[in-house]
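> Model the following, please.
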Amino acid sequence: MQRRFTPKPPNYVPKENFKRLFSAADTVLWKALLAPAYTSGAREDELLNLTWADVDFQKNQLHITRKDRCDWIQPWQPKDHELRTIPLPEQTVNLMAAWRSIAPENCPYIFMEHGRWDYYRQRVGQRKWRTGQSLVNNVLRRFKTLCRRAKVGPYTVHDLRRSCITNWAKKLPIHVVQKLAGHSDIRTTQKYYLSVQDEDIWKAQNVQAELLGKILENDLTDPKLIHSGQKRAFPGRKTFQHDR
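Have a look, this model is predicted:
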């Protein structure tokens, strides 16, 4: 019989660790990247294919949608093949706006740096850009370096997405979380992204303690359970001196 292993719980990035990651980021670009990664629930591929046209700075919303080849934009399709609108906190939008003010001029992609933009234009102009090639290079390696600098993790960019979805699930109905996350099957949301945290265990303990406390409130003072103000020994249990 094949031995079965308990699946490893998904990584969750608590707010304290995200704060350390954010503080360790030493560029406006990386702060602007970390914020939506942690608050939009977007997949890494979705983040790196975002264009400035996908952000509504007035309504604080992010649009995940397919891209057709046009000018400097490469064709791309999101995993769920559907338009998804995600609300963003104002702080995230402000960080993205701060990066936009110094981002490469005329570059449609949000997280493409100046050097990468120059390289990208050159390759596209020479018709040497390969379809599916990463628009932003070395993201994983640089993120791992950031985790080491912040002394957290190890995490992946995808762990930020999982953490966002878990945070949503604490406040929102599961079908809303499924829609925001872009899951076609709600079981995916439940199985892989709703991470149980220590605080959830403590809350469950408190719920049961409060319930049992009300049920046993009178029984705990029942004379049958006590004798001369002391707890009675259980049957078959020897009573030691310090029990008396």
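
> can you list the domains in the chain?
15-193, 198-243 (automatic domain parsing).

> Can you redo those as TSV, where the extra columns are mean neighbour count and mean pLDDT?
Just so you know, the C-beta spots here come from the backbone N, C-alpha and C atoms, and that holds for glycine as well. Converted to TSV, the domains of the chain look like this (neighbours: other Cβ atoms under 10 Å; pLDDT from 0 to 100):
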stretch	mean neighbour count	mean pLDDT
domain 15-193	16	92
domain 198-243	9	57
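
> Next, give phi and psi for the residue sitting nearest the centre point of the chain.
Nearest to the mean C-alpha position of the chain, by Cα atoms, centre = their mean, lies S163 at 2.4 Å. Main-chain torsions, S163, degrees, to the nearest 10: phi -70, psi -40.

> mind checking how far stretch 18-27 is from the chain centre?
16 Å (Cα atoms, centre = their mean, to the nearest Å).

> Also stretch 65-74?
The answer for stretch 65-74 is 27 Å, by Cα atoms, centre = their mean.

> now do the same end-to-end measure for that stretch.
Its first and final residues considered, stretch 65-74 spans 13 Å by Cα to Cα, to the nearest Å.

> now stretch 146-161
First residue to last in stretch 146-161 (Cα to Cα) measures 17 Å.

> Over to stretch 167-179?
First residue to last in stretch 167-179 (Cα to Cα) measures 14 Å.

> how about the strands in the protein?
Listed in chain order, the strands of the chain (DSSP state E) span 55-56, 61-64, 84-87, 226-227, 230-231.

> Out of the ones you listed, which is closest to K170?
strand 84-87 (15.9 Å; Cβ to Cβ).

> Tell me how far that closest one lies from the chain's centre.
15 Å.

> same check, this time on stretch 39-46
Here the centre of stretch 39-46 is set off from its chain's centre by 9 Å, with Cα atoms, centre = their mean.

> what sits up against it?
36-37, 47, 50, 62, 64, 78-79, 86, 88-89, 92, 139, 157-158, 161, 164-165, 168, 180-182 (Cβ atoms under 8 Å, 6 or more residues apart in numbering).
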